[in-house]
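J.: Need a 3D model of the sequence below.
(chains A and B)
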Amino acid sequence: MSEDAGGGDAGPVPDSEPRWRQLLERLVAASAVERFLISFAALLLSVAVGTVIILVAGRTATCEEAAFTLVSPVLRTPWFSTPELFRLGFCYDPVTVFDRLFLGALGDPLQDNWQPLTGDLNPFRAGWDPLAPQIAITLRETTILAFTGVAVAVAFRAGIFNIGTQGQMVVGALATALAVLAAAPLVSGVLGTLVLVPLGLGVGAVAGGFYGAIPGALKAYADANEVITTIMLNFVATGVVFFLVDSYFTAPDTQSVETATLPEYAGFPSVVFDPRIDFSLLALAFALATLVGVYLVLEHTAFGYDLRTSGIQPESAEYGGVDAARTVVSSMAISGALGGIAGATYVLMVAGKFETGFPAYGFDGITVSILAGNNPLGVAAAALLFGTLKSGTTVVQFATDVPPQLVGVLRGLIVLFVAMPEFFRMIGKRTVGTGRPREGPVAADGGEPDE
Amino acid sequence: MSEATATSLTERLRTPRGVAVAAVVALSLVALAALGLVAPGLLAELLDIATSRTTLGSALRLSVPIALAAVGGIFSEKSGVINIGLEGLLIISAFTAVFVVDTLAGNGAATQTHVWTGFLAGVLASTVLAVLFGVVCIEFRADQIIAGLAVWLIALGLAPFAAQVVYGAPNTTSVTVPATITVPVLSEIPFFGALFDASPFVYLMFGAVAAGWYLLNRTAFGRWVRAAGENPKALDTAGVDVSRVRYAAVTLSGVFSGMGGAALSLSLGQFTGNGATMVNGKGFIAIVAYLFGNYNPVGAFLSTLLFAGLDALQTGLQNVAGYDLPSSLVRIIPFVSVIVVLALVGRTRIPEAAGDHYESGEE
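T.: Next up, the predicted model:
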């Protein structure tokens, strides 16, 4: 089954049609396209494995009535019919789950009887509203994930496994909330927005940047493994921030551990979309501009070149005159700053205050970045995909009894499958027949694993 | 280690490590002295807690999952496969163990047989996940760090998901805990009595650490594991299949971590899956423990005892009356100490070929 899902992206190959084959071969060879195909195949495979998990879970759970029934095929002829061998009821219906997860998050854009092959080309449902609240939520999640995704991407490109975006984001978020709360009484109205939003973003970036520079310095000057230190610093951030808010900054009129609410004008103003949903197109535009900016810095500046070569070939980078230690610290600081901006945006746009129990955008950022091949522009697409997943989770919760943690499982599966490009290359090669003439043993091993 | 190069390397490592250990001790003494100046009463209280039998008891109990995962991680990394996913292995086994015990017990109370069957089921679950990780890394040449992260993320999603499906909440119900083993006379000894009045998992940990040390340092298999990580080509030339040795080592990491995770949840009788789950970073602390212990199972156990001791100390501190210590701050002490230790140990000499894929060139 996994093979079907993985091979599907390579397309059905007609027998001996040279042009088709040439095209496919070129496709398999092209690295950027290949990366996209691998990400796409990984997504399909994750959905396939997710379907199995939903079905297994649906057998384990107890419910009044089966949501999905699998019946053995029955052959009926006028003379005889085969007996029904089994009829399995499942509490969860995987089709509904994925339909709600993807289409529900986009406000059900597709019409019921869209038949692209027979004439009716318009795929959109008549009453579909591109400004629907659920779409605003999807784009809101996309905005935050674009920041955490690009934060992770910058570090990964420099060859640093920054798993600490979560902590850097939380620190940035608290700093933003405190700075804006302190400055809010001084200004108000439109001027307040113009002053407080940039201030909040700046403070969040600086705080997150400092918090990110710590593991960077530990790696550069003490050779401490950044995977471990950043994970530990996530725990430290959660603990320290909880302590600070709990002891000093809790709003007097609340039971939970959170700061006072920011004034209405200290946030991104709603544009076009329903102001009741905490989403602003301006924030999304800012996120996209940031992605483009980071892309330009990475690809077209000397610093970006140093950063990338440090990631690919640390020895030759150093030989070429790159100060390795400084590059590590500065890329971690930039990564942390972007994480801090993610936290700031969440506070300014979504929460309107700092609350403990911050959502795990930082960990999702890892998935977004890996799925995007650590390319800042690819992050936009991957963030939209994950924004859809996150927003769809709530729709799934409304429509079915499937636990929302399913999306966490899918996240892990996607990372796993994207991490094993060789698996898809093997399948790709077996489907296409010929591949690049490299690494002979791959083809030799290729026959074994996929039974 | 019979190889001459290995000895010189060990010698080279001794010095910075010695410095690191000395620095940790010195830092703790300075911290204690500072504390003594600021709050003399608290220092006395702290010494009381540190030398109490309950602290040793809980330090040993807290050590179990970390030490077992660390021993498993040593095998994997020594063979050349860096297993960042220990945390995930702990999570999956912790959930499976309690789930199986609860399922076997049905509506009645779980018996000791049920508990140990659940333990084995937890080990099995972790081993299956570890084998999957091995296939992904060895067969499909995945980036080991990213694949390890994936193992963690999958388990982090799957265990609370399954708990939600079965129990309607991220936490499972409570099941019977295994009976403590008490040695009659020895358990009466003031401080060390805790060693003789403990959960069977504590004894299992001692056994596993000893067995791990023996297997790694005194058997042919252990030699192969070390060679697969240091010089796979030589091992290949000697006619041993590098991939098979690595598979065996990664599988072992699953077995040891599975014991750790199952012991963690079964000793409390419940799996809790909120947030970072009950495992809460223990798998990552295990990695630091074996780095600090220089890939020696005994060393890893001792550094685990250090971290677990700090953890036990912070639990004790929270109960001190009269000092309003913020628990959220005290709780991060073990994590901070991990960072400090890692910064002081600095570059740990990881096995030469760790993280690299090995392809036998003969075909």
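J.: Which residue would be the closest one in chain A to chain B?
T.: Here the residue of chain A nearest chain B is residue A:408; by Cβ to the nearest Cβ that distance is 2.8 Å. For the C-beta atoms, the positions are set from N, CA and C on the backbone; glycine is no exception.
J.: low pLDDT regions in the stretch 201-350 of chain B?
T.: B:319-325, B:346-349 (pLDDT under 70).
J.: cool, chain A as well?
T.: Chain A contains residues with pLDDT under 70 at A:1-31, A:62, A:65, A:83-87, A:111-123, A:126-127, A:432-451.
J.: Identify the residue spatially nearest to the residue of chain A closest to chain B, adjacent ones excluded.
T.: residue B:157 (2.8 Å; Cβ to Cβ, 6 or more residues apart in numbering or on different chains).
J.: now the helices for the stretch 251-363 of chain B?
T.: B:282-292, B:297-318, B:327-330, B:333-345 (DSSP state H, counting those that start in this stretch).
J.: Would you mind getting the angle between the last one and helix B:282-292?
T.: So the one you mean is helix B:333-345. Here the directions of helix B:333-345 and helix B:282-292 differ by 30 degrees (axes from the mean of the first three to the mean of the last three Cα atoms, to 10 degrees).
J.: Next up, the contacts around the residue of chain B found nearest chain A.
T.: Residue nearest to chain A within chain B (Cβ to the nearest Cβ): residue B:157, separated by 2.8 Å. Contact analysis of residue B:157 by Cβ atoms under 8 Å, 6 or more residues apart in numbering or on different chains lists A:405, A:406, A:407, A:408, A:409, A:410, A:411, A:412.
J.: Which strand or helix spans it?
T.: In the assignment (DSSP states H and E), residue B:157 maps to helix B:144-167.
J.: Assign residue A:357 to one of the three secondary structure states.
T.: coil (DSSP: H, G, I helix; E, B strand; the rest coil).
J.: go on, residue A:254?
T.: Residue A:254 - assigned by three-state DSSP - is coil.
J.: Quick one: residues contacting residue 269.
T.: Let's take chain A. A:193, A:280, A:282.
J.: Please refer instead to chain B.
T.: Contacts for residue B:269 (Cβ under 8 Å, 6+ apart) come out as B:98, B:174, B:175, B:176, B:177.
J.: Could you save those residues as TSV and add columns showing secondary structure, neighbour count and pLDDT?
T.: Conversion of the contacts of residue B:269 to TSV gives the following (DSSP: H, G, I helix; E, B strand; the rest coil; neighbours: other Cβ atoms under 10 Å in any protein chain shown; pLDDT from 0 to 100):
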residue	secondary structure	neighbour count	pLDDT
B:98	helix	32	93
B:174	coil	13	84
B:175	coil	25	84
B:176	coil	18	81
B:177	coil	18	80
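J.: Look up how far residue B:341 lies from the residue most central in space within chain B.
T.: Central residue check for chain B by Cα atoms, centre = their mean: the C-alpha nearest the mean position is that of residue B:66, 2.2 Å away. Computed as Cβ to Cβ, to the nearest Å, the residue B:66 to residue B:341 distance reads 13 Å.
J.: repeat for residue A:148
T.: According to Cβ to Cβ, residue A:148 and residue B:341 sit 29 Å apart.
J.: More neighbours: the two, which one.
T.: residue A:148 (33 against 22; other Cβ atoms under 10 Å in any protein chain shown).
J.: Name the nearest residue to the more buried one, sequence neighbours excluded.
T.: Spatial nearest neighbour of residue A:148, chain neighbours left out: residue A:365 (2.9 Å); criterion: Cβ to Cβ, 6+ apart.
J.: Whatever helix or strand the one you found lives in packs against which elements?
T.: Element membership of residue A:365 [criterion: DSSP H and E] is helix A:361-371. For helix A:361-371, the contact count by 3 or more Cβ pairs under 8 Å, 6 or more residues apart in numbering or on different chains; DSSP states H and E identifies helix A:31-60, helix A:133-157, helix A:165-183, helix A:324-345, helix A:376-399, helix A:406-418, helix B:144-167 as packing neighbours.
J.: Tabulate those helices (CSV), appending distance to residue A:370.
T.: Output for the helices and strands packed on helix A:361-371, formatted as CSV (distance: least, Cβ to Cβ, whole Å):
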stretch, distance to residue A:370
helix A:31-60, 9
helix A:133-157, 8
helix A:165-183, 13
helix A:324-345, 15
helix A:376-399, 8
helix A:406-418, 5
helix B:144-167, 6
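J.: Residue B:313 is nearest to which of those?
T.: Residue B:313 sits nearest to helix A:165-183 of all the helices and strands packed on helix A:361-371, at 24.0 Å, using Cβ to Cβ.
J.: Does the closest one reach chain B?
T.: No. Under the criterion of Cβ under 8 Å from any Cβ of the partner chain, chain B is not reached by helix A:165-183; the shortest gap measures 10.4 Å.
J.: what kind of secondary structure is residue A:89 in?
T.: Going by three-state DSSP: residue A:89 is strand.
J.: unless I'm mixing things up, it is touching residue A:69, no?
T.: Yes. Taking contacts as Cβ atoms under 8 Å, residue A:89 lies within contact range of residue A:69: 5.2 Å.
J.: Show me which of those two is the more surrounded one.
T.: Neighbours per residue (other Cβ under 10 Å) separate residue A:89 from residue A:69, with residue A:89 holding more: 14 against 11.
J.: Excluding residues flanking it in the chain, which one is nearest that one?
T.: residue A:66 (3.0 Å).
J.: Surely residue A:414 is in contact with residue A:48?
T.: No. Using Cβ under 8 Å, residue A:414 is not in contact with residue A:48, being 11.8 Å away.
J.: Settle it for me: which of the two has more neighbours?
T.: Comparing residue A:414 with residue A:48 by other Cβ under 10 Å, the one with more neighbours is residue A:414, at 29 against 18.
J.: which residue sits closest to that one in space, ignoring its chain neighbours?
T.: Excluding the flanking residues, the one nearest residue A:414 by Cβ to Cβ, 6+ apart is residue A:46, at 4.8 Å.
J.: do the same with residue A:257
T.: Residue A:257 sits nearest to residue A:356 (Cβ to Cβ, 6+ apart), 4.5 Å away.
J.: and that neighbour, how many neighbours?
T.: Using other Cβ under 10 Å, residue A:356 has 18 neighbouring residues.
J.: So it is in contact with residue A:258, correct?
T.: Yes. Counting by Cβ under 8 Å, residue A:258 is a contact partner of residue A:356 at 6.7 Å.
J.: Find residues that contact each of the two.
T.: residue A:245.
J.: Would you agree the residue nearest to the centre of chain B falls within a strand?
T.: No. Per three-state DSSP, residue B:66 lies outside any strand segment and is helix.
J.: ok, it to residue B:123 distance?
T.: From residue B:66 to residue B:123 the distance is 17 Å (Cβ to Cβ).
J.: Next, the contact list for the closest residue to residue A:288 other than its chain neighbours, please.
T.: Distances taken as Cβ to Cβ, 6+ apart place residue A:380 nearest to residue A:288, at 6.3 Å, with adjacent residues excluded. Applying Cβ under 8 Å, 6+ apart to residue A:380 gives the contacts A:146, A:288, A:291.
J.: Having no further points to raise, I will conclude here.
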